[in-house]
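A.B. asks: turn this into a model:
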Amino acid sequence: MRECISVHIGQAGIQVGNACWELYCLEHGIQPDGQMPGDKTVGGGDDAFNTFFSETGAGKHVPRAVFLDLEPTVIDEVRTGAYRQLFHPEQLISGKEDAANNFARGHYTIGKEIVDLCLDRIRKLADNCTGLQGFLVFHAVGGGTGSGLGSLLLERLSVDYGKKSKLGFTVYPSPQVSTSVVEPYNSVLSTHSLLEHTDVAVLLDNEAIYDICRRSLDIERPAYTNLNRLVSQVISSLTASLRFDGALNVDVNEFQTNLVPYPRIHFMLSSYAPVISAEKAYHEQLSVAEITSSAFEPASMMAKCDPRHGKYMACCLMYRGDVVPKDVNAAVATIKTKMTIQFVDWCPTGFKCGINYQPPTVVPGGDLAKVQRAVCMISNSTSVAKVFSRIDHKFVLMYAKRTFVHWYVGKGMEEGEFSEAREDLFALEKDYEEVGLESGEGDEDEGDEY
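C.D. replies: Here you go, the predicted model:
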């Protein structure tokens, strides 16, 4: 079996995690208490969904997931929520005091006390697997726990499980909407370790998702629940190929192979279509070509950056529902003819498509309409550099005056770490600039034939 372990860190990670597991359970027909009436084989069995759920002798399905937070309130919502019987109590780990939006507290002082316990629980889950293929890590980099404990845990996972791939679903700070003053510090410091210790990171950005909710779903004031349900559709489409048997199967390692041209350039944009409210869905015919072109709309991107200002290096399209390869090929051919969608010249093909015949499921009472087919796009585009340059800019403004730095230095960090992380981020922006150049512009040593 190719199992995946999900790790949810901090408030963002846990709340996105809630939405995801709720959706997984609906997709597989697993009840909130873990029973699955449709599952005939008791015990393990080789069912495709066993990649995400382990099955006890009593026929109960337990998510292969760990929820970590340095303070209890968010995890208590899981402990008392509708799905409280789904999780093993040991999978929900919470501390006493939170990281207070401080990377150093999450990474050094408070995170250090809890991280061994976390790794211990993850080890238990890993021992339960017959062929662990990797980790899905959910966190935000603006706060203290997601950034500090998140990067600490990723570093430790790299040590303990060197070869396993790690996919990050990372909420980055938005351009306008900010939840904390020190976001730029936390995100630069944690990007420093994300560069090293994740294989693929999918960037999400609350502001972009707010806009999608407002525009496409007509929600006046979107709450986190609305955002998370949208994000969970993306993550579910990504992992659908691991949990169902499809025509074109995409596994976790395949994402890396197809999307990451150079190890450092692994930050992805994602989009999902059709995002449509129930009232509208009834009146629209959503063909494969239509949803494909709407997934490429700049407004559909779940991070605030415009792919028209950069070039695509690779692009992964995951279709689900009533879709046949012939339609997909036609849709992709149409996309290639559009002038606004540019690929780098060293990657002419650039598309990887996956099809899964399981139609998308929606949460009853949610905002999304039930549709016959949907597509999720994960793309590697040079325009992602914009996300980093925005954070970098804010970081420089604050760091020039050393504002708030004493909170970090007092918790066991050194000022050197700030400038080191900043340089690393700057190098990343340069890397993106370089891959976007036309071949031949940057190469002095042309003519060497190997």
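A.B. asks: mind giving me the domain split of the protein?
C.D. replies: Taking automatic domain parsing as the domain assignment, the ranges for the chain are 3-386, 387-436.
A.B. asks: tabulate those in TSV, adding columns for mean pLDDT and mean neighbour count.
C.D. replies: Bear in mind the C-beta positions are built from the backbone N, C-alpha and C, glycine included. Converted to TSV, these look like this (pLDDT from 0 to 100; neighbours: other Cβ atoms under 10 Å):
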stretch	mean pLDDT	mean neighbour count
domain 3-386	89	20
domain 387-436	91	16
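A.B. asks: in which helix or strand does the residue most central in space within the chain reside?
C.D. replies: Centroid check for the chain by Cα atoms, centre = their mean gives Phe169 as the closest residue, at 2.1 Å. Using DSSP states H and E, Phe169 maps to strand 165-172.
A.B. asks: show me what the helix or strand following that strand is packed up against.
C.D. replies: For strand 165-172, the succeeding helix or strand toward the C-terminus, using DSSP H and E, is helix 183-197. The contact analysis (3 or more Cβ pairs under 8 Å, 6 or more residues apart in numbering; DSSP states H and E) places helix 183-197 against helix 103-104, helix 150-160, strand 165-172, helix 385-400, helix 415-436.
A.B. asks: let me have these in JSON lines, extended by distance to Leu286.
C.D. replies: Formatted as JSON lines, the helices and strands packed on helix 183-197 follow (distance: least, Cβ to Cβ, whole Å):
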{"stretch": "helix 103-104", "distance to Leu286": "43"}
{"stretch": "helix 150-160", "distance to Leu286": "36"}
{"stretch": "strand 165-172", "distance to Leu286": "26"}
{"stretch": "helix 385-400", "distance to Leu286": "29"}
{"stretch": "helix 415-436", "distance to Leu286": "33"}
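A.B. asks: and of the ones you listed, who's closest to His283?
C.D. replies: Nearest to His283 among the helices and strands packed on helix 183-197 is strand 165-172 (32.9 Å), distances taken as Cβ to Cβ.
A.B. asks: tell me which strands that closest one pairs with, and in which orientation.
C.D. replies: The strands beside strand 165-172 in its sheet (DSSP bridges) come out as strand 132-140 (parallel), strand 200-205 (parallel).
A.B. asks: Ser383: which of those strands is closest?
C.D. replies: strand 200-205 (11.0 Å).
A.B. asks: so that closest one versus helix 385-400, what angle?
C.D. replies: 70 degrees (axes from the mean of the first three to the mean of the last three Cα atoms, to 10 degrees).
A.B. asks: output strand 200-205 as CSV, restricted to C-alpha atoms.
C.D. replies: Extracted in CSV, the C-alpha atoms of strand 200-205 (Å, rounded to 0.1, in the frame of the first residue of the first chain):
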residue,chain,number,x,y,z
VAL,A,200,6.6,20.4,-3.1
ALA,A,201,4.8,23.3,-1.4
VAL,A,202,1.4,24.5,-2.6
LEU,A,203,0.9,28.1,-1.7
LEU,A,204,-2.4,29.3,-0.5
ASP,A,205,-3.4,32.8,0.4
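A.B. asks: tell me the helix or strand right after it.
C.D. replies: In N-to-C order, the element after strand 200-205 by DSSP H and E is helix 206-217.
A.B. asks: run the chain-centre distance for the next helix or strand after that next one.
C.D. replies: Later in the chain than helix 206-217, the nearest helix or strand by DSSP H and E is helix 224-243. Relative to its chain's centre, helix 224-243 lies at 9 Å (Cα atoms, centre = their mean, to the nearest Å).
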